[in-house]
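J.: okay, predicted coordinates and the sequence, questions at the end:
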Amino acid sequence: MTDPVLMVIDTATTRIVVATGSMGGDPIAVATWPAGYRHGETLLPAIERLLAESGIGRAAIGGIVVGTGPGAFTGLRVGIATAKGLAHGLGRPIVGVPTGGALLAAAARADDVALDRLTLLLPAGPADRILVRHGTGASLLPAGEEPALGRDGILVAIDLDGRAPADACQRGERARAGLAREMLAVAAARMALGDVDDLAGLVPGYVTLPRGAGPSSGEVAWSRDPR
């Protein structure tokens, strides 16, 4: 009998990540690819392919782990809906992990630096950016403003080529390579304590909401009103 595994899904950035790992948080297999605008077409087939290549059946999935952002509306919505559908259909627990926090942890591990020295930047529309720091969550950085890094601060940038320093973007790519590992570690620790999320209450943090949409469902958008 196959040991139970955790299934990871993150669609918060321009690269989709799906992965499997042990219930203790050790990675087994990771797949990542450019999201484009085809989240709905590519996500489920990629999950099935990853499971098949690893010799893991759906019944062996012991829990679902999903990134909650910040991220763009379409990608996050597809990712979280897919994760919720799997959790509901299989009768498995689900844990939402803030993608920004996991990326910070991955950056700290990749570059062997203290977590509190890092500031993460993510895009929020064509000009604004989202700033994420450990322990303080996410906040809007309006166009034209730069983050205050302090004397020893280090910038990490995701999906901001041309809008952030090249070295920060390079750190971002190293962090993204470790995203699945960090999500697995967080989720495994929470599941071991029985700390799982309610399907109905698990909502993403969007960097933007489409025109006419509102946060009545509890969803959060940090960007300014695009209208």
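T.: Cool, got the structure. If you're wondering where the values come from, they're calculated on a predicted model, not measured in any experiment. Residues are numbered from 1 along each chain as shown.

J.: mind listing the strands for this structure?
T.: In the chain, strands defined by DSSP state E lie at 5-10, 15-22, 27-34, 61-67, 94-97, 118-124, 128-133, 137-141, 154-157, 205-206, 220-221, listed in chain order.

J.: what about the lengthiest helix in the chain, distance to the chain center?
T.: Secondary structure of the chain read by DSSP state H shows that its longest helix is helix 73-90. Distance, stretch centre to chain centre, for helix 73-90: 13 Å (C-alpha atoms, centre = their mean, to the nearest Å).

J.: what angle do strand 61-67 and it make with each other?
T.: Counting by axes from the mean of the first three to the mean of the last three C-alpha atoms, to 10 degrees, helix 73-90 lies at 160 degrees to strand 61-67.

J.: average pLDDT for helix 73-90, rounded please.
T.: Averaged across helix 73-90, pLDDT comes to 93.

J.: go through it and flag the buried ones.
T.: By 16 or more other C-beta atoms under 10 Å, the buried positions in helix 73-90 come out as 73, 75-84, 86-87, 90. In short, each C-beta sits where N, CA and C put it, glycine included.

J.: what does stretch 134-150 give?
T.: His134, Ala138, Leu140, Leu141, Pro147.

J.: show me the contact partners of that stretch.
T.: Contact with stretch 134-150 is made by 70, 98, 100-101, 104, 115-116, 118-119, 121, 124, 127-132, 153, 155, 205, 222-224, as judged by C-beta atoms under 8 Å, 6 or more residues apart in numbering.

J.: dump it to CSV, restricted to CA.
T.: This file holds the C-alpha atoms of stretch 134-150, laid out as CSV (Å, rounded to 0.1, in the frame of the first residue of the first chain):
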residue,chain,number,x,y,z
HIS,A,134,7.9,38.2,7.5
GLY,A,135,5.5,38.7,10.4
THR,A,136,3.7,41.7,8.8
GLY,A,137,1.9,40.2,5.8
ALA,A,138,1.3,42.0,2.6
SER,A,139,0.8,45.7,1.8
LEU,A,140,0.4,47.8,-1.3
LEU,A,141,3.5,49.7,-2.7
PRO,A,142,2.0,52.3,-5.1
ALA,A,143,3.7,53.1,-8.4
GLY,A,144,6.7,55.4,-7.9
GLU,A,145,7.5,54.3,-4.4
GLU,A,146,10.4,52.1,-3.4
PRO,A,147,10.6,49.8,-0.3
ALA,A,148,12.6,51.0,2.7
LEU,A,149,15.1,48.2,3.1
GLY,A,150,17.1,49.5,6.0
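
J.: sounds good, over and out.
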